[in-house]
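Trainee: Could you work out the structure for the sequence below:
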Amino acid sequence: MAKEKSALKVSKIKKKWYQILAPKEFNEMLIGETPSLDPRLLIGKIMTINLMGITRDIKKQNINITFRVTGLKENKAETEIIGYKVMPAFIKRIIRKGRNNLHDSFVCKTSDEKDVRLKSLVITVNKTKGAVVNSLMKALRANLTEYVRKITYKELVNELVSHKLQSNLKISLRKIYPLRSLEIKEMLLEAGKKAVGKKESKGNVKEESNKAEEKKPDKPQAKEKKEETKPKKDKPKEREANQDNSDEEEAKPKKEKVKKEANQDNSNKKENSKSTKE
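Mentor: Below you'll find the model as predicted:
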């Protein structure tokens with residue numbers, strides 16, 4: 001026990017506190033501190049912070065920003081933004097009965113070729129028909145994909161935080177039907193590993209299909225074997241048919257004998273009946 005306590009004390013002494021800085025979008029301000037034995041262990045660390053704590057704006061208290069440590073600079077951890085999320089409590093508050101609450105999720109690509117997943121929420125003033133709902137969702141996807149394709153990932157984050165993107169989309173969709181509110185519920189930076197994994201899986205499928213094609217020529221040989229075995233199976237049937245024919249031939253003379261005997265009995269009976277009459 002004494003050795004374990006001494007080891008724990010040594011480990012606590014070795015750990016140091018390192019500052020975590022926000023990216024340039026937030027002027028590299030201090031967003032937290034964390035202890036670590038080695039600063040290199042901080043790379044990849046993820047932390048979520050409320051946006052109000054960074055911007056000092058009460059209106060942003062319903063939004064959380066997710067950061068990931070990407071590197072070190074003068075024993076200070078540098079980060080990047082990988083997520084933007086509106087709190088579920090706020091979404092429940094704005095949803096009402098008697099309106100269309102339209103949810104959608106799709107992937108867009110920025111001008112610097114980063115895949116971003118956007119989850120949107122559109123709330124109409126009143127309930128509408130299915131055709132109007134479909135046109136709203138199609139217009140939302142088309143406008144978002146075109147808009148995101150023209151800007152970089154950093155610009156997208158800035159416009160989401162400032163609510164500029166949401167207000168512009170709301171104005172453009174009002175031409176189809178009046179909206180109560182339009183929110184981007186969540187923004188996620190898609191990892192590049194997922195796409196690589198999908199490609200590898202497709203390659204495996206192709207290789208398996210090629211193997212299957214190579215095995216296909218072997219099937220006719222199996223059929224030939226089956227055809228060879230068929231005559232062997234037919235022999236017992238032929239024997240049974242021959243036996244049946246022979247049995248029928250043997251039974252014929254017996255039937256003829258029985259008929260002759262019956263005719264003789266009938267003739268004898270007739271003669272006896274004539275004699276009795278006389």
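
Trainee: now the strands for this structure?
Mentor: With DSSP state E as the criterion, the chain has strands at 16-21, 30-36, 46-50, 63-72, 76-86, 101-109, 115-124, 179-189.

Trainee: mind giving me the domain ranges of this protein?
Mentor: The chain breaks down into these domains under automatic domain parsing: 14-86, 87-193.

Trainee: Next, format those as JSON lines and append mean pLDDT and mean neighbour count.
Mentor: (Each C-beta comes from the backbone N, C-alpha and C, glycine too.) Shown next, in JSON lines, are these (pLDDT from 0 to 100; neighbours: other Cβ atoms under 10 Å):
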{"stretch": "domain 14-86", "mean pLDDT": "91", "mean neighbour count": "15"}
{"stretch": "domain 87-193", "mean pLDDT": "92", "mean neighbour count": "15"}
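
Trainee: Distance check, the nearest residue to K24 once chain neighbours are set aside against S111.
Mentor: Using Cβ to Cβ, 6 or more residues apart in numbering and skipping the chain neighbours, the partner closest in space to K24 is K154 (7.9 Å). Distance of K154 to S111, given as Cβ to Cβ, to the nearest Å: 11 Å.

Trainee: and what of M52?
Mentor: Distance from M52 to S111, by Cβ to Cβ: 30 Å.

Trainee: swap in V148?
Mentor: In terms of Cβ to Cβ, V148 sits 8 Å off from S111.

Trainee: Could you do D38 as well?
Mentor: To S111, D38 is 37 Å away according to Cβ to Cβ.

Trainee: L156 too?
Mentor: Distance of L156 to S111, given as Cβ to Cβ: 9 Å.

Trainee: same thing with L102?
Mentor: When distance is defined by Cβ to Cβ, L102 is 27 Å away from S111.

Trainee: Now D104: closest residue in space that isn't a chain neighbour?
Mentor: S120 (5.0 Å).
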